[in-house]
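Chemist: Below is the sequence, then the predicted model.
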Amino acid sequence: MSLTLNLLLNGVALGSLIFLIAVGLSLIFGLMGVLNFAHGAVFAWGAYVGLAVYNATGSFLLGILAGTVAGIVIGWIMERLFVRPFYGNHVAQILLTLGLMIILTEGIKMVWGPNLLGFDKPAALTGVVDILSDPFPIYRIFTIGIGLLVLIGVHLLLTRTRYGIIIRAGVQDPEMVQALGINVRRVFSLVFAFGAGLAAFGGVVAGPSFGSLNPDLGMANQLNAFIVIVIGGIGNFPGAALGSLLIGIVQTFMAYYLPDVAMAISVAMMAIVLIWKPEGILGVRR
Amino acid sequence: MRAKLFNNNLWLGFVLVALCLVPFVSSSKFLLTMLISVFLMAVYSMSYDLLLGYTGIVSFGHTIFFGLGAYSVGILLSKTKQPNLIWAAILIAVVGAAVIALIIGFLSLRVKDVYFSMITLAFAQLFFIISEKWSSFTGGGDGIAYVRVPTFFNDRVKFYFIALAFLAVMYLFLRRVVNSPFGRTLQAIRENEQRVESLGYNVLRYKLASLMISGCVAAMAGGLWTVLQKYVNTNVFAMDRTIDALLMTIVGGVGTLFGPIVGAGVITFAHEWLSSLSTQYPFLERWLLFFGILYIVIVMFFPKGILGTIRDKWRYKGGSRHAASDSKRRESVL
Amino acid sequence: MTLLRVEGLQTYIDQFHILQGVSLAVEPGRVTVILGRNGAGKTTTLRSIMGLTPPREGRVVYDGKEIQGLPPHAIARLGIGYVPEDQGIFKDLTVEENMKIAIRKLDAATQERQEFVLDLFPDLKIAWKRKGGNLSGGQKQMLSMARAFVNDNKLLLIDEPSKGLAPIVVEKVMEAIMELKKRTTIVLVEQNFLMASGVGDDVYILDDGHTVYQGTMAEIRGDEDLKKKYLGIAI
Amino acid sequence: MAQPILETRGLTIQFGAHVAVNGVDFTVAPQTFTSIIGPNGAGKTTFFNLLSGQLRPTGGTVAMNGRDITGLAVHERTRLGIGRSFQITNVFPNLTVLENVRMAAQAVGGGSFRLFSHYKKFKHYEEKARYLLAKVHLDGKSEQIAKNLSHGDKRKLEIAILLALEPKMLLLDEPTAGMSLEEVPAIIEVIRGLKESGEHTILLIEHKIDMVLDLSDQLAVLFNGRLLAHGTPEEIMSNELVQTAYLGGLYDDAVTG
């Protein structure tokens, strides 16, 4: 396998992980206009809960399940108690979700301590396979698969199910959805919890990729997700996918050739998009 | 109106005199150092409040400017070994802060509000990484230790008075700014941006100017911070530093200049106190958790902070909360 | 028995006192028309009934039950279909999906109603897979009415269906309303008197947020002074 | 007729397939009071938006005092002297009534970028604000927080803000909308005062027909985006076409054909 292909695959794997955070963030913003600054912290909680359950039971699958459930619960509480009373008040929402980020991050330090925790790959996903006679880690293939699965799953959810139709309609005109006899608030809560669940799920999946967890994990990954949704178009599902892939690949290449400026390149790309097309590559001007 | 202004000034004079007396009452180096850091943090938080409380925009990257000041002083003084270049270093920091503010503001303030918060956060991370990676210049993760500062500052009492004077001057400066026609325009932008635009103001220019002023003041505070600490490392670009400004401003009271000063005092002392207790009660190491909860309670129930809430109680015995209104349709449903 | 009774409705939008005492009664099986100049409060009356801008005072009694204060989705579920002024078509959704989102329970009766409206508006069948945003004004109006009718709704609130449509399309829409009337009860808001007079049975006229006239379409048709006073531009 | 203060030629705006304002030729003489009437959806507010610059036309021109202003932005038109009020109340809720008007006076007076001069030094902005508040009968309420005003008073404040911009041309969009009947006479008095001061050219969108007839020198009837008629109130009242349009008996083809 050529170096380029190897880097490309690694980039797609990284893009998958970023996508798992960005998609929930973007969905929530698109539907409710809420930018959740605690989203990354939920990602981190998912990873920690997943790790704890994985260590306790030895089952990675149970870990994923537990992490996801934790994310859903956190998201649901968050929406109910802190976000819902402030719909329409952006400043308060931004300030509140940032406060929740602080609390959730400190909570992790309180429960699991401030230090690094190792997160081993499950045995079945350890090792490498040969792709074009070069070794490539199985876990990254797993990550890519998960990313694809979520991409297809959310796409089907949005286009094929009644809930998906309601969400897409709600983005445009929540009032009319109400007038058709649908409780939009409940749908909003569900989407918020679902988005948080996706982030937490992403956390567990990402854990073994990172090899270890630290309490500030959420913020760093959330930043990538922010950059992705600015680039792709905030609240735009295909945009989130495209942006994730783009950032994943570019960062991987930069990390190989110019490791010192990998993060700078993402910010630079975001700056260029903001100058050239402030609504994002796939975004529509509102 | 006039009587109130006079009262306010009287109040201030009283506090200032009291603070001037401190070094003569207690010679505790520890106390003076604490107070110096309160003063510097107060300036930093006031500059943050110009954005949050007066212009109504939420920055999550305010530490960029603080860090810029801190590193300018650290790098210039240690590279040249010329402690007297301190003023030049601060000047460089101020100019740099203005330029960076212009760039970040231009990128983010033209679009929706939330972009500003996201993008300032991303830039803060960028600066954090630069300070870590560009180690030949910044000393990397270790930072720059033993920054040689002018001997003058080694005298705690003298430094104390400098810091106090700095706070007083910056307070008066910012008070002038927020009460000027310019500052009044900022407050109107906070209230109803679209209306300000239809009055014929170019809103972007005002927001940019607000960000630049705020950045320059924060840079000065950061420069003196290095003088106080005698070292600088990547922490000055860390998210925690922005959270400090946020906590102090929110706890003290947004939309007042005195609020952030009170907030800086409360948070700094409480932090110190909790840290000292944490040797006995280890859970207190998570002091930020308590502040986070306090912060949320304040945002939800006392949006004007300690000072604003007290003032309202005095003024009308229970004011009403203001809520920014937004897209009508969304709101009618939610 | 009266299907819908509105009594002394007082509705504000922010501080705008829009409805300052609107009352009306809707008898089953009839088309009740609400007429009035722009700004009279017609649209707000429908929105208040629907719970979208809840009234501050007054009662809305539907099918013997007080419904003011209920959230819009609960009101809709009691069997009230709403066709807003701007039709409320979801532009990123196809015609099919627009119908799908409206259908609350897919049973045989709903199937039958869906077939009925699609026969009534064959245009919708042709445009079945097209996005709502790409429909013509008339098609949007038809889709919106189809959406409101497809559930087992006893009452349809239709807001200015003639607005912005070409005359030939308006005629089609009116014919459709006559057809729908055979199966349900309709409250129709109109500014276009000539159009409303063809379909209406009972008439209410609103002016400045008050009910100022109540009668039958037959009465008002011959009353030139009344028409000019409240609907034309003369005093 | 003197040089018109405002003139549109073939003014058109199209949203997709919908032509909201369609080829309107319209002139306004200085110091006159013109009301624009028409049924719902006739394009009245859209027409205002084209005049004040909130919208750009897809065809035609707008000229003020003979100068083409079609390409100018809202704030540039504000500076040229076009001031408009909105259907929704749009004030600074947490500032005082006086400060609301002072902000507007400062907008035209300049000096907003002076950081250091105390705002009180701009005494004449404040004086101007007080003068205007008196003009709209709000002088007793200058220190109140704007959000605590009654709805009617807010509309008056809105007009005072507008006047502070020293507009030559006032566009008033339904100033009585949503008022209880008791509040209406006061706002009519304010508008009459503006008319009688002879300093302004006024365009009014309003559906309270007796008020319109009482105040207007000229009436313009918009219908389906077209200018159906323009003339004195007497001419318009006796125009059969207008009556039929109001009752809904007119369609596009009838207007053109």
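Modeler: Looks like it arrived, so ask away.

Chemist: How confident was the prediction at the most centrally placed residue in chain C?
Modeler: Central residue of chain C (C-alpha atoms, centre = their mean): C:I158, 1.5 Å from the mean position. For C:I158, the model assigns a pLDDT of 96.

Chemist: Pretty sure it sits in a strand.
Modeler: Yes. Looking at C:I158 with DSSP: H, G, I helix; E, B strand; the rest coil, it is inside a strand.

Chemist: Tell me which residue in the stretch 151-257 of chain D sits closest to chain B.
Modeler: D:L165 (6.6 Å; C-beta to the nearest C-beta). For the C-beta atoms, the positions are set from N, CA and C on the backbone; glycine is no exception.

Chemist: Count the residues that sit near the spatially closest residue to the residue nearest to the centre of chain C that is not a sequence neighbour.
Modeler: Ranked by C-beta to C-beta, 6 or more residues apart in numbering or on different chains and with sequence neighbours excluded, the top spatial neighbour of C:I158 is C:V83, at 4.4 Å. By other C-beta atoms under 10 Å in any protein chain shown, 26 other residues sit near C:V83.

Chemist: tell me the phi and psi of C:V83?
Modeler: Here is the backbone geometry of C:V83 (degrees, to the nearest 10): phi -120, psi 100.

Chemist: how close does it get to B:V236?
Modeler: Distance, C:V83 to B:V236, by C-beta to C-beta, to the nearest Å: 60 Å.

Chemist: and if you look at C:I168?
Modeler: 72 Å.

Chemist: who's in contact with A:A169?
Modeler: With contact taken as C-beta atoms under 8 Å, 6 or more residues apart in numbering or on different chains, A:A169 is in contact with A:176-177, C:90, C:93, C:101.

Chemist: Closest to the centroid, which residue in chain B?
Modeler: B:S45 (2.2 Å).

Chemist: Please name the residues that touch that residue.
Modeler: Shown in contact with B:S45 (C-beta under 8 Å, 6+ apart): B:244-245, B:248-249, B:252, B:260-261, B:263-264.

Chemist: Just give me the closest of those residues to chain A.
Modeler: Nearest to chain A among the contacts of B:S45, with distances taken as C-beta to the nearest C-beta, is B:T249, at 10.2 Å.

Chemist: mind checking the backbone torsions on the closest one?
Modeler: The phi/psi pair for B:T249 (degrees, to the nearest 10) is phi -70, psi -50.

Chemist: Apart from its chain neighbours, what residue comes closest to A:A124?
Modeler: A:F60 (7.9 Å).

Chemist: Pass me the low-pLDDT residue ranges in chain A, would you?
Modeler: For chain A, the stretches flagged by pLDDT under 70 are A:1, A:284-286.

Chemist: got the domain boundaries for chain C?
Modeler: C:1-79+C:156-234, C:86-152 (the TED database).

Chemist: quick revisit: and the contacts of A:A169, which of them are in helices?
Modeler: Using DSSP state H, A:176-177, C:101 are the members of the contacts of A:A169 that sit in helices.

Chemist: in chain C, which spans are helices?
Modeler: Using DSSP H, helices in chain C cover C:42-50, C:72-77, C:95-102, C:108-120, C:122-126, C:137-149, C:167-181, C:193-199, C:217-221, C:224-230.

Chemist: Now that we have those, can you turn them into TSV and tack on distance to chain A and mean pLDDT?
Modeler: Formatted as TSV, those follow (distance: least, C-beta to the nearest C-beta, whole Å; pLDDT from 0 to 100):
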stretch	distance to chain A	mean pLDDT
helix C:42-50	6	94
helix C:72-77	3	95
helix C:95-102	5	94
helix C:108-120	13	93
helix C:122-126	17	92
helix C:137-149	7	93
helix C:167-181	17	89
helix C:193-199	22	85
helix C:217-221	27	88
helix C:224-230	28	80
